Every structure is written in C-alpha cells, then in structure tokens.
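1. I'll drop the sequence and a predicted model, then ask my questions.
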2 protein chains.
Amino acid sequence: MAGIGDDCAVLRLPPGHEALVTTDFTLEGIHFRRDWHPAESVGHRCLTRGLSDIAAMGGEPLAAFLSLALPFNLPQSWVNAFLRGLLTLAGKFGVTLAGGDTAESPNGVLADIVVLGSVPKGKAIRRSGARPGDGIYISGEFGGSAATVQRMMKIKRKLKPRDFPRHFFPEPRLELGRILREKGLASAMIDTSDGLSTDLAHICEESDVGAEVQAEAIPRAGIGRPAHEVDLHFALHGGEDYELLFTAPRGKRIPARLAGLPITQIGHITRRRKIFLRNKKGVGYELLPQGWEHFRQ
Amino acid sequence: MAGIGDDCAVLRLPPGHEALVTTDFTLEGIHFRRDWHPAESVGHRCLTRGLSDIAAMGGEPLAAFLSLALPFNLPQSWVNAFLRGLLTLAGKFGVTLAGGDTAESPNGVLADIVVLGSVPKGKAIRRSGARPGDGIYISGEFGGSAATVQRMMKIKRKLKPRDFPRHFFPEPRLELGRILREKGLASAMIDTSDGLSTDLAHICEESDVGAEVQAEAIPRAGIGRPAHEVDLHFALHGGEDYELLFTAPRGKRIPARLAGLPITQIGHITRRRKIFLRNKKGVGYELLPQGWEHFRQ
C-alpha cells in the first residue's frame, strides 16, 4: 500500500527534473529509546534523516512516505505526538505525506521513511566529484548529537530536549544544499549522518581520492545549559549531526556563511587515497572511519 | 541512506510520464514465519507486494529500494536466499534494486520495499473511477494464498512451496495492468492484496458506489497436490492473491483471457452504496469487508 486512497501515490516531477529517492529506518532500541526520546523528537528525526539525504544531493523534496509498524499496546497519544513532530517538519519544508504502509509490530516501534525529491537533470551533487586540491567544507558545528547520546548513557536518564536541540530536533540543510547546487559551488557532497570520519571516507572512496583535515579547524558544538563544547572525538566520529560536508574546487570562493549557517574549511582533498588528521603542531595521523554507535538497550 | 554510493538514487522517468511510489512492509511474525517460509519465498513475496501495486495503477516499474533490518544472529545464508528470491523476480520484470537502508533489528527480520514506477501523465488507473453499471472483473483465481496459510496453521508445519505457488511465489500482474491501461479498458482498478471483499470495498468507497457480486462466478483456486478447490470464504476474504480487480464500462468488450490470464466478470457496480453477494438461488446478503488475518506467532 502507498498512496492515500490508491495503490500508489501518483506524483508529477517539475519539467526537466529527475527523481531522487531515499529510504531510512528509524527503529526503537537502535535509533531511539522510547524512555529517552519524546515522540515528537522521534517523528522529527525520522523525517530529518530522509530530507537530509535530499539536501546532500542539492535536491528539492516533493513527498514523503511513512511505513509505520506499531506494537498493539502503544498509546495513541504517542502516535499522535510522533506524527505531529513529523508533520510539523514536513510543513516547514512544503513536503506532503503522500502515503506509506501500516502494520502491527511484533516488537517496538518500526518506521521507514521514504522521501521523493527532484533535481534538474544532471545537476545532482554526487559523492564522486571530489578532485585533488579541492577544499573540504562543512556547515554548522559537529559532535552535538553524539555527545548528547553519550550524556544520556552516562546519567541514565532523559534530558530536556530544548537544551539539546542538535540531538532531538536536527534541521535538514535543504536551503544550503540548493544554494550550493544553484551556484555550482560544490564538486561533491554528503550529509553527515554517520559522522565526519565515516562520511568523508565515503566521499574519498567514491571520488577515488584522499584528504587532509586540520583537527582544530573543525567547529565543535556546544551542548546543554550552560553550553559545554564537545570533545574532538565526538566532532570527528559522532553521527547524526545532519550537517553538509562538501568539496569545492580551489578557484571557487566559498562565503563564510550560506543559508544562515557558518561554513568552515577543514582541509583539502589529496591524491593519495588516505585521510590524514593534523593537530595544531602539524603532526598527522591516519584518520580511520569509526562507525557510529547507535543506542543499545 | 539510499542510492548505492550516494545519499539518494537519481532516476530519470520516461518523457511524458509521472511517478508512482508504493511502500510495503514485510515483517517476520506478521507477514511470514521463518520456520514456514523459505527465505527465497520471503524475498519474492516482499517485492511482489510492491510490484503488484504498480500493476494496479497500470504502471511500469522502474526501480526498487529495500530497507532491511536483520537480527545480529541471522545466518548469512538466509540473507543470500532472501536476496536471491527478490532479485530473481526483479530481473524477470527488468526492475533495478537501486538502494535502500540496512540496520540491525532488535527482533526478527524487518523489510520495507519501495517501488518507483511510472505511468503516462494522467493515465494511472485509480480506484475512484467506477460508475454504476460498470462490470466487475477479476484476473486468475482466488483464495489460494489464504487457504495455504490456513492449512499450515492447522497442520502446524511447513508445506512444499512448489505445491503451493500461489502463496509462496505469487506473480505481480504487471502485463495485465499495462494492457488494461493501454487499451483504456478499466475504469477503476486495485490489486487484491487484502482480499476480494476488502479490496472491492475500497473501490466502492473511493468511487462512491456499491456493487453486486455473484458468489458462484468467483473462480476459486485449487491448492496442493492433488489440487483441492478452496472454500468460498477464502475466495471472498483471503488476502495476498495479488490478482487484479477492475471495473469496465458496460460497452467495453473484455476478452476472456488477457496477458495469459483468465478474466472473469463477477458482478457489476450499483448506485446504492452497499455491496451485495448473491448465491445461486439469487438470494442476496450484504458483503462486509473482512480484514485479512496475517500470521500470529
């Protein structure tokens, strides 16, 4: 089933555009914990995962499809709040919830979000376009989401979502992605859902290049109240920041702010297929992608 | 994640076409049981669910996206056989597996299949086009899948899949859907994934009409070896037959076979918004949609 009132949703793409499709799971016990995450946050983050992928291609989102399996004893109020979180974000970006599927879950809340978007033909920003000499840029600040998870793990209770918006209500960088595509600034792009080290490795692998990154150039997020700057480890390896990581040819002037976000150069692309991290003293070591640890109950 | 090697899959629709999107869960313990269904069958049925929705709109499938969450202790051989079942069917209909998502499942195998298809602009066959006087037609035979489930429930063990292909390896009726759309024969259409009574009710609801159905006109499937004709109850209410149910204006001549399948008129659309079932003696009673019972462990 998908398409409210039909077997499929029927959607028209803007003339001269091609389709973008992305699909992302949100699973209880893996991507969130019901005792730590308010339902609004779960719904918001569920859709952010999909919209952020559209942003990373420089695309425009058209419609979302939600497959949702719920345990039979889940309170209706939880579902309502989940949908409120999801639909509020959808409304903000003009995205229609155009269909999906529902089922009873044998265990825990299971959601799969599909986003259909579009981009002018041939203009999608791929991961494979980075070239030696290109600068490496990131939007926003890093590590805030993972450091929030770590704090909850440590204190073993929930936090106030409004004090930790980077984790509970991350915003997809759609406007930034669109601007970079329209102005032809980025040679390659990815969203940082898996963590900087892993996502940069994806770009390097797909582009068949390496990279050199300056550790102290990476803007680290402040979390909590009073705000506390996160450790470098979280900024390097923590996932779910949903910022954009992109490369740009040396000749392109990249503004210090775009779409209201700070844009920071953190390094450059190299020919040698390894990623090196340099500290303040110029000492370098190889940066290996470290998988992002999700919740484990 | 979706798009192998990029944040999204990028797909071009044929000129003058619009997009069709459908999404369907396949959950262990709800849609299949690992002890009763070979992994090939689970993969095949997973994709059939999506392709059948494309068929029901008269569309052409372009690409599939698989979100798959697996328990950490699932044998790799199971996953390989699941993908073999899915990809064999995909290959048969020229559908590319273009992306998806993977995760660790906290409990049981969870799959969500998304199919992107296309249809010439304005030509999708909707559920809402049935008019009083239209004939009601179905392809193939009914009740075979549900009766197979019932038999497994009763004997509490698995059956030989090759003796029960209607349940284990149902075929999406893509060619039939396309022919009906190209020849402009159908006024409304749906696939019978939920069962005849429920799916006919969907057409009536969306078209704001009623229906009269002749019980003995419904072709009932034969299952097992030797083949045994299923009870009327399964033909009326059993789901997952994945045949097409469509309506056609009185003036249209509908061939007795299309795309190699028998096509049978089982009744007609009425103005009064109820569905009546008539037996051989002409005695009628109201046919209420009866939800299709999935597996329960």
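-> Happy to help now that I have it. Residues are numbered from 1 along each chain as shown, chains lettered A, B, ... in the order given.
2. just give the number of residues close to the residue nearest to residue A:187 when sequence neighbours are not counted.
-> What sits nearest to residue A:187 in space, not counting adjacent residues and going by CB to CB, 6 or more residues apart in numbering or on different chains, is residue A:129, at 4.3 Å. Any C-beta I mention is one placed from the backbone N, CA and C, and that applies to glycine too. The number of residues packed near residue A:129 is 17, by other CB atoms under 10 Å in any protein chain shown.
3. tell me which residues touch residue A:129, please.
-> A:186, A:187, A:188, A:207, A:247 (CB atoms under 8 Å, 6 or more residues apart in numbering or on different chains).
4. need the three-state assignment for it.
-> coil (DSSP: H, G, I helix; E, B strand; the rest coil).
5. sec struct for the residue most central in space within chain A, please.
-> The residue lying closest to the centre of chain A (CA atoms, centre = their mean) is residue A:242, at 2.7 Å. Recorded secondary structure, residue A:242: coil (three-state DSSP).
6. can I assume it is in contact with residue A:47?
-> No. Residue A:242 is not in contact with residue A:47 according to CB atoms under 8 Å; the separation is 11.1 Å.
7. I'd like the distance between residue A:7 and residue B:213.
-> 21 Å (CB to CB, to the nearest Å).
8. and these two? which has more neighbours close in?
-> Per other CB under 10 Å, whichever of residue A:7 and residue B:213 has more neighbours is residue A:7, with 31 against 21.
9. and the more buried one, what pLDDT?
-> At residue A:7, the model reports a pLDDT of 92.
10. then the one 3 residues further on?
-> With respect to pLDDT, residue A:10 has a value of 95.
11. what's the answer for residue A:290, then?
-> So residue A:290 comes in at 80 (pLDDT).
12. does the nearest residue to residue A:160 once chain neighbours are set aside lie in a helix or a strand, and which?
-> Counting by CB to CB, 6+ apart, residue A:225 is the residue found nearest to residue A:160 once chain neighbours are left out, at 8.0 Å. Here residue A:225 is covered by no helix or strand, with elements defined by DSSP states H and E.
13. phi, psi for residue A:225 please.
-> Dihedral pair for residue A:225: phi -140, psi 110, per degrees, to the nearest 10.
14. I figured it hits residue A:161, correct?
-> No. Applying CB under 8 Å as the test, residue A:225 and residue A:161 come out as separate, 11.9 Å apart.
15. higher neighbour count, the two?
-> residue A:161 (17 against 11).
16. mind jotting down where the strands sit in the stretch 101-250 of chain A?
-> Per DSSP state E, counting those that start in this stretch, the stretch 101-250 of chain A carries strands over the ranges A:110-120, A:135-139, A:188-191, A:210-214, A:222-223, A:228-229, A:244-248.
17. chain B is nearest to which of these?
-> strand A:110-120 (4.0 Å; CB to the nearest CB).
18. quick check: mean pLDDT of that closest one?
-> pLDDT averaged over strand A:110-120 gives 97.
19. what's the answer for stretch A:222-236, then?
-> Stretch A:222-236 comes out at a mean pLDDT of 94.
20. what distance do you get for the closest residue to residue A:159 other than its chain neighbours to chain B?
-> Spatial nearest neighbour of residue A:159, excluding adjacent residues (CB to CB, 6+ apart): residue A:152 at 6.0 Å. Residue A:152 sits 18 Å away from chain B, going by CB to the nearest CB, to the nearest Å.
21. try residue A:145
-> Distance from residue A:145 to chain B, by CB to the nearest CB: 17 Å.
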